[in-house]
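>>> Quick one: sequence and predicted model below, then my questions.
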Amino acid sequence: MKKLLVIMLVSASITFAQSAGATGLSFLKLGSGARNIGMADFGSLNGNDISNYFYNPGLIALNNTTRLSFTHNQQLLDLGSSSISVASSVWGLPLALNVNTTSVDNIEVRNQAGPATATFNANYFAATLGSGFRFDDNLSFGIAVKFIYEEMFNQDASGLGFDFGAVYSGAVENLSLGASIRNIGSMSELAKEATKLPSDFRLGGEYSYPIESAKLNLIGLAGFQKYLEEDESHIHTGLEVIYDNFFALRGGYISGYDSKSITFGFGVEWKGFKIDYAYVPFEYGLGDNSSFTVAYKF
């Protein structure tokens, strides 16, 4: 029975690693919001999209409205992830909450060559609550705490992680700079071993270039990402072209992955409603990643 359990846990780890990275709890590496995923999955550095807050909690301080969003992310190997986000102000304090559920279905169990003897699902959950404050007109800080839970084959574990972020904007017109550290924390033991969180550091900038005569707004971003517990780093570059504040086309490039590099997306916005879609192709016959987000700003 012990041998069987080890095989199942290894199978689940390999499946998830192929989907989202090489470390444990790799669902925490999945992007937040189709707009961000379509722009190289770095995280836009403005406060106009609730999905941005979970890349850099410093952006929460810039929110002055109530926002809701739902995102579904469907990846290869039966991996599905859904999240609901809400941001508002409570007694003058800006808050943002994200609840994520992720599952890897139909993981096959084998203790010898031949057909699988059984299948099972791996389930993951994270609830993130964050807030931020303005240091002055240009600089804002934020912090978020997340409760994390994982379960597979009657084994489970839980833990806490923390995100920290800062955003600097306004010194140069239309330019924003940001830095964040995410997933600093620990988990309890799962099958006698505690999984390390995929902690990462991000540093980047975003520039907006409006062309009023053509009703266009060009938004470009670039950033560096380093996973702290791994020998893994990435460069992200993204571009968004917005027409008449209604329709947007997006694209991006991510370095450092063997199976993916290019991202695409589009979106529409009308009277507070936003619908965004992102597509990320994978190489080596691994399939693709489709994400969509529906959001509303009150």
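Perfect, I can see it now.

>>> following the helix or strand bottoming out on mean pLDDT in the chain, which helix or strand shows up next?
Ranking every helix and strand in the chain by mean pLDDT, DSSP states H and E puts helix 2-20 at the bottom, with a mean of 39. Next along the chain after helix 2-20, taking DSSP states H and E as the criterion, comes helix 34-38.

>>> just checking, what packs against that following helix?
Here helix 34-38 touches strand 247-254, strand 262-270, strand 273-281, strand 288-297, going by 3 or more CB pairs under 8 Å, 6 or more residues apart in numbering; DSSP states H and E. C-betas here are computed from N, CA, C, even on glycine.

>>> For Gly132, which of these is the nearest?
strand 288-297 (17.9 Å; CB to CB).

>>> is it true that Ser180 touches Tyr53?
No: at 10.5 Å, Ser180 does not count as touching Tyr53 under the criterion of CB atoms under 8 Å.

>>> So for those two, which sits in the more crowded spot?
Tyr53 (34 against 26; other CB atoms under 10 Å).

>>> before we move on, what SS does that one have?
helix (DSSP: H, G, I helix; E, B strand; the rest coil).

>>> who touches it in this structure?
Tyr53 makes contacts with Gly47, Leu59, Ile60, Asn63, Ser85, Ala87, Ala96, Asn98, Gly130, Gly142, Ala144, as judged by CB atoms under 8 Å, 6 or more residues apart in numbering.

>>> Buried by neighbour count: which residues of the helix or strand harbouring Ile148 qualify?
Assigned by DSSP H and E, Ile148 belongs to strand 139-152. Judged by neighbour count using 16 or more other CB atoms under 10 Å, the buried positions of strand 139-152 are Leu139, Ser140, Phe141, Gly142, Ile143, Ala144, Lys146, Ile148, Tyr149, Glu150, Glu151, Met152.

>>> ok so, going back, in CSV, list the helices and strands packed on helix 34-38 along with mean pLDDT.
Converted to CSV, the helices and strands packed on helix 34-38 look like this (pLDDT from 0 to 100):
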stretch, mean pLDDT
strand 247-254, 97
strand 262-270, 96
strand 273-281, 95
strand 288-297, 93
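
>>> Take those strands and write them to JSON lines, including distance to Phe162 and mean neighbour count.
Formatted as JSON lines, the helices and strands packed on helix 34-38 follow (distance: least, CB to CB, whole Å; neighbours: other CB atoms under 10 Å):
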{"stretch": "strand 247-254", "distance to Phe162": "25", "mean neighbour count": "18"}
{"stretch": "strand 262-270", "distance to Phe162": "28", "mean neighbour count": "18"}
{"stretch": "strand 273-281", "distance to Phe162": "27", "mean neighbour count": "19"}
{"stretch": "strand 288-297", "distance to Phe162": "25", "mean neighbour count": "19"}
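
>>> for the ones you listed, which one sits closest to Tyr124?
For those, proximity to Tyr124 was assessed by CB to CB; strand 288-297 is nearest, at 16.8 Å.

>>> chain center to the closest one, what's the gap?
Distance of strand 288-297 from the chain centroid (CA atoms, centre = their mean, to the nearest Å) equals 12 Å.

>>> Can you tell me what sits against that strand?
31, 33-35, 37-38, 49-51, 65-76, 260, 272-282.

>>> let's see 6 Å
33-34, 37, 65, 67-71, 73-75, 272-282 (CB atoms under 6 Å, 6 or more residues apart in numbering).

>>> and if you look at stretch 151-170?
Applying CB under 6 Å, 6+ apart, the set of residues contacting stretch 151-170 is 8, 12, 56-59, 120, 122-123, 138-146, 148-150, 176-188, 190-191, 197.

>>> Where does confidence bottom out across the buried residues of strand 139-152?
Ranked by pLDDT, those bottom out at Met152 (79).

>>> Look up which residues are beta-bridged to that one.
Beta bridges link Met152 to Ala122, Gln155 when assigned by DSSP bridges.

>>> for the residue nearest the centre of the chain, what are its contacts?
The residue lying closest to the centre of the chain (CA atoms, centre = their mean) is Gly31, at 2.5 Å. Applying CB under 6 Å, 6+ apart to Gly31 gives the contacts Ile37, Asp41.
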